[in-house]
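*Asks:* Next come a sequence and a model predicted from it.
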Amino acid sequence: SYTASPLNATSGPTFNLPVTATGFPITVGGGGAAGTGTPFPTGPGANGNNSTFSTITAAGGGGGGCANSDPYPVKGGRDGGSGGGAGTCSGATQPRPAGTGNTPPVTPPQGQNGGASPGNPGVCAGAGGGGAGAVGTDISVNRQGAPGGNGVSTTINPAQGNPATNFAGGGGGGGHPSGPATISTGGTGGGAPGSNGPTPHPAGVANTGGGGGGTGPSSSPQAATAGGSGIVIIRYKFQ
């Protein structure tokens, strides 16, 4: 007996998947790569890769948007299992949309939307990525990255005396070196915090599906971090 995730299927083909004594294809998806470029990432972060067991697929998270200002194309967060957070810069005049979670759609939903940008001139920051249990936070403070959404907990994989494990937290949005000193937090479940500039923070935690953290302008193209890899857990009752 264990405490199921809030995302646990209670009916349908996923819940009733027949298992026999045979081989099954299994894929543990890698985390999405961070956007690169100096001093700003010139493109959004990459989506994470899918994790699969037999006919069940858990979609990788959506990559985060980048902060290029107009007249660059509008680069919001990307869609995925959880949506990526948008990025914006001081010259932007258009709203930057959040990435949509639960893409492709399933029931129960895999994850939540990322945070969005209002597109106000003079605001430069990154929104939080969506988590499995909560949406990413929208950009509201100039040069302050927004927190990632929290993941969800289950006791299916107890480890090191802790009966519950969190999965699929959203990554924190990037800030700016001249902005507030407080960095954005990643969501519970392996989400990485954001960075305010050249100092990189840890990536999304491996085998949690946690999102990578954003960054502000930096001399290091690696200041933004990649997402954490996925995980496939097989638990069965013996006799």
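*Replies:* Ah, there it is.
*Asks:* quick one, helices of this structure?
*Replies:* 12-15 (DSSP state H).
*Asks:* Quick test: name the residue nearest the centre of the protein.
*Replies:* Taking CA atoms, centre = their mean, the centroid of the chain lies closest to residue 211, which sits 3.3 Å from it.
*Asks:* Tell me the backbone dihedrals of that one, please.
*Replies:* The phi and psi torsions at residue 211 (degrees, to the nearest 10) take the values phi -80, psi 150.
*Asks:* for the protein, what helix or strand is lowest in average pLDDT?
*Replies:* helix 12-15 (a mean of 77; mean pLDDT, DSSP states H and E).
*Asks:* Can you dump the C-alpha atoms of it in CSV for me?
*Replies:* Presented in CSV, the C-alpha positions along helix 12-15 are these (Å, rounded to 0.1, in the frame of the first residue of the first chain):
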residue,chain,number,x,y,z
GLY,A,12,-9.1,4.0,-18.4
PRO,A,13,-6.3,2.2,-20.4
THR,A,14,-3.5,3.6,-18.3
PHE,A,15,-5.0,2.3,-15.0
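*Asks:* do you know how far residue 139 is from residue 35?
*Replies:* Between residue 139 and residue 35 the computed distance is 17 Å (CB to CB, to the nearest Å). C-beta: built from backbone N, CA, C; applies to glycine.
*Asks:* higher neighbour count, those two?
*Replies:* residue 139 (29 against 25; other CB atoms under 10 Å).
*Asks:* I figured the more buried one hits residue 173, correct?
*Replies:* Yes - at 7.0 Å, residue 139 and residue 173 qualify as touching, with contact defined as CB atoms under 8 Å.
*Asks:* Mind listing the shared neighbours of these two?
*Replies:* 115, 125-127, 146 (CB atoms under 8 Å, 6 or more residues apart in numbering).
*Asks:* In terms of distance to residue 236, which of those ranks first?
*Replies:* residue 115 (38.5 Å; CB to CB).
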